[in-house]
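Student: how would this look folded up:
(one chain, ligands or ions: 1)
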Amino acid sequence: MTSKQETAYQQLKDRLATISDLQSVQSLLFWDQQTYMPKGAVAGRAEQRATLSRLSHEMLVDAETGRLLDASGEPDPSSERGALLRRARRDYERAAKMPADLVARTSRVTALSESAWVRAREESDWTLFAPHLEEILSLKREAAEFLGYEHHPYDALLDAYEPGAKKARLETMFEELKRGIVPLIRAVAEQSAERGRDSEDRAAPLYGRFGEDRQEEFGRAVISAFGYDWGRGRQDRSVHPFCVGPGHGDVRITTRFDPGWLSPALFGTMHEAGHALYTQGVNQDYARTPLDGGTSMGVHESQSRLWENLVGRSRPFWACYYSKLQELFPEALKEVDAEGFYRAINVLEPSEIRVEADEVTYNLHILLRFELEAALIEGSLSIADLPTAWNAKMEEYLGIVPKNDSAGVLQDIHWADGLFGYFPTYTIGNVLSVQLFDAALKAHPGITEQIENGEFSVLLGWLRENVHRHGSRYYPDELIERVTSRPLDPAPYLSYLNNKFGELYELV
Ligand code: ZN
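Tutor: Numbering: from 1, shown residues only. Next up is the predicted model:
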């Protein structure tokens, strides 16, 4: 590297650090808005967030960023410096392709559509939301054209959340998942019908009186044992749980508590902690650079699902933790043994709402959203026909028709926020969680026994070493190949589901 290149590189890093600071403060404002901000601050806060967002966008797309990138020399992708330049160029080029006017229009339209969506969902009235979604859709199609794509406009949008992902590859993955999951759901339904046990009594242990303070105490004990670093994080309450990392030493999670139902806080806490562990584990040298934070939404979701499902919904975990939970809730759980609890947290049954779905049917909820949004983007489905198409797919995949649009097409906020291309990352996360967990078990077969003893350090250590510390240094496909020696593969995930639920429902 010449000294000229070195100077340009240092200037570029300074510039990227400023952009990163602006984004961090923005995420802190978001956190505040969702947790402690007084209602009266809504309008002012919207302006503050818009200002910060505009400043960081302007700095990123400025011609100076492009000049410094060019002057920093040819990146060698195998080095950290090369990886940083590659990420920075990707961010710069994606942002620079979008006309400022389109960015501004999108943020105005989504701000309005979000409140329209809230009302439409409350009143279950599709017509209140449809015109807004129409506008968002046309902005997204416009964006796809500016961003560019080789095969399908959906690819351009998907790439924002999952670098390198393609619609065609996802179709293949979903096809394989569908072939495995649909018969499993059918077999469980037949078995349940035969034995006359409905899932309501199976799930009964999760409902009762569960004091919020004790739920919080239990959740904190669990994620402390996972390895969540309280010196660089905190936990607060919000209506929709999330994880946010406003800075390298500051990764926060939020939780929603329901005093009559254990699941939301119990699994929500493990889930968000899974995201947080990833962010807390990134190499410290990457702070204030584009390499800080997770490499994609799908890889992020693999971490949250791994802790929530592969650890938190497993028998070994509850072999250790059930007596502790029972001690905290002696009344509600006195008639329930560990096995009954394990069955309760693993009920498999098709339902209307994605966020309440079990591990198996969840993916069919994602599949239908993926198919519908891709069809909307390519123009083969119209907004007017969307509710009917939604219900038809619900019936085809899950055998149920939502009772109204609130419990159907209006249930998720994603489209109202303009997040087209986001949904598939949830299933990528599910699939990848098992592929990674298998790799960890192969390297350290003692992990299961450790979990039985409430010990998670070997598992966390393996994830730190193989996934977390790299931050965004590798793109998702590179990371997966590097860690598991194969591309993303649904086969291990399907065999995990078949083994687990086959045993639970005595299918074999
Ligand atoms: Zn998540």
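
Student: lowest confidence element among the helices and strands of the chain?
Tutor: Taking mean pLDDT, DSSP states H and E as the measure, helix 199-203 is the helix or strand of the chain with the lowest mean score, a mean of 80.

Student: I'd like the next helix or strand past that helix.
Tutor: Heading C-terminal from helix 199-203, the first helix or strand you meet, by DSSP states H and E, is helix 212-226.

Student: mind checking how far that following helix is from the chain centre?
Tutor: Counting by C-alpha atoms, centre = their mean, to the nearest Å, helix 212-226 is centred 22 Å from the centre of its parent chain.

Student: Repeat that for stretch 340-347.
Tutor: 24 Å.

Student: Pull it out as CSV, backbone CA atoms only.
Tutor: Extracted as CSV, the C-alpha positions of stretch 340-347 are listed here (Å, rounded to 0.1, in the frame of the first residue of the first chain):
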residue,chain,number,x,y,z
GLY,A,340,-45.3,-31.9,30.8
PHE,A,341,-43.7,-28.5,30.6
TYR,A,342,-41.4,-29.6,27.8
ARG,A,343,-44.5,-30.8,25.8
ALA,A,344,-46.3,-27.5,26.6
ILE,A,345,-43.6,-25.4,25.1
ASN,A,346,-43.4,-27.6,22.0
VAL,A,347,-47.0,-27.8,20.9
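
Student: helix/strand/coil for P246?
Tutor: With DSSP: H, G, I helix; E, B strand; the rest coil as the basis, P246 sits in strand.

Student: Burial check on it, number of neighbours?
Tutor: 19 (other C-beta atoms under 10 Å). All C-beta spots, glycine's among them, are computed from the backbone N, C-alpha and C.

Student: With the one 4 residues further on instead?
Tutor: A total of 17 residues lie near D250 under the criterion other C-beta under 10 Å.

Student: The one 3 residues further on too?
Tutor: By other C-beta under 10 Å, the residues close to I253 number 26.

Student: Let me see the ranges of the strands in the stretch 201-350 of the chain.
Tutor: 235-237, 243-247, 250-255 (DSSP state E, counting those that start in this stretch).

Student: just the stretch 401-508 of the chain next, same as before
Tutor: Counting by DSSP E, counting those that start in this stretch, the stretch 401-508 of the chain contains no strands.

Student: still on that earlier bit, what's the least confident stretch among the strands of the stretch 201-350 of the chain?
Tutor: Per-stretch mean pLDDT for the strands of the stretch 201-350 of the chain is lowest at strand 243-247 (a mean of 91).

Student: ok, residues contacting that one?
Tutor: Applying C-beta atoms under 8 Å, 6 or more residues apart in numbering, the contact partners of strand 243-247 are 24-25, 27-28, 30-31, 251-254, 272-273, 275-276, 279, 287, 293, 304.

Student: quick check: angle from that strand to strand 250-255?
Tutor: Going by axes from the mean of the first three to the mean of the last three C-alpha atoms, to 10 degrees, strand 243-247 is angled at 160 degrees with respect to strand 250-255.

Student: related to what we said a few turns ago, out of the strands of the stretch 201-350 of the chain, indicate the one that is most buried.
Tutor: Highest mean neighbour count of these: strand 250-255, a mean of 22 (counted as mean count of other C-beta atoms under 10 Å).

Student: Counting by contacts, list what that one packs against.
Tutor: Packing partners of strand 250-255 (3 or more C-beta pairs under 8 Å, 6 or more residues apart in numbering; DSSP states H and E): helix 3-35, strand 235-237, strand 243-247, helix 263-280.

Student: excluding its backbone neighbours, what's nearest E449?
Tutor: Leaving aside its sequence neighbours, E449 sits nearest to P316 (C-beta to C-beta, 6 or more residues apart in numbering; 7.7 Å).

Student: wait, isn't that neighbour in contact with G454?
Tutor: No. P316 lies out of contact with G454 (C-beta atoms under 8 Å); the separation is 9.7 Å.

Student: Now the most centrally placed residue in the chain. Nearest residue, chain neighbours left out?
Tutor: Note on the chain: the residue nearest the mean C-alpha position is E301, at 4.2 Å, using C-alpha atoms, centre = their mean. Counting by C-beta to C-beta, 6+ apart, E301 lies nearest to G429, which is 2.5 Å off, once chain neighbours are set aside.

Student: For that neighbour, give its distance to L441.
Tutor: G429 sits 18 Å away from L441, going by C-beta to C-beta, to the nearest Å.

Student: The residue nearest to E301 touches E308, doesn't it?
Tutor: No. Assessed by C-beta under 8 Å, G429 is found out of contact with E308, at 10.2 Å.

Student: hang on, R482 packs against Y474?
Tutor: Yes. With contacts defined as C-beta under 8 Å, R482 counts as touching Y474 at a distance of 6.4 Å.

Student: And those two? Which one has more around it.
Tutor: Neighbour totals were compared for R482 and Y474, and Y474 leads with 20 against 12 (other C-beta under 10 Å).

Student: okay, the nearest residue to E481 once chain neighbours are set aside: pLDDT?
Tutor: The shortest distance from E481 to any non-neighbouring residue, by C-beta to C-beta, 6+ apart, is to P487 (6.2 Å). Looking at P487, its pLDDT is 97.

Student: Tell me, how many residues neighbour P487?
Tutor: 11.

Student: what do you get for D292?
Tutor: Quick note: D292 (other C-beta under 10 Å) scores 20 neighbours.

Student: So for G429 and L441, which residue has more residues nearby?
Tutor: For G429 and L441, the more surrounded residue by other C-beta under 10 Å is G429, and the numbers stand at 24 against 15.

Student: how near is that one to V103?
Tutor: 28 Å.

Student: Same check on A439?
Tutor: 39 Å.

Student: separation between the residue nearest to E481 and S296?
Tutor: Taking C-beta to C-beta, one finds P487 at 14 Å from S296.

Student: And W261, by the same measure?
Tutor: 32 Å.

Student: of these two, who's got more company?
Tutor: More neighbours surround S296 than the other of W261 and S296, with 24 against 15 (other C-beta under 10 Å).

Student: Next, the contact list for that one, please.
Tutor: 161-163, 165, 425, 475-476.

Student: re the thing from before, including distance to R169, could the strands of the stretch 201-350 of the chain go into JSON lines?
Tutor: Below are the strands of the stretch 201-350 of the chain laid out as JSON lines (distance: least, C-beta to C-beta, whole Å):
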{"stretch": "strand 235-237", "distance to R169": "37"}
{"stretch": "strand 243-247", "distance to R169": "27"}
{"stretch": "strand 250-255", "distance to R169": "31"}
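
Student: Select, out of those, the one closest to V355.
Tutor: strand 250-255 (14.3 Å; C-beta to C-beta).

Student: Could you tell me which strands sit next to the closest one in the sheet, and their orientation?
Tutor: Counting by DSSP bridges, the strands paired with strand 250-255 are strand 235-237 (parallel), strand 243-247 (antiparallel).

Student: Looking at those, which is nearest to G446?
Tutor: strand 243-247 (28.7 Å).

Student: Flag the shaky bits of this protein, pLDDT-wise.
Tutor: Scanning the chain for pLDDT under 70 picks out 197-200.
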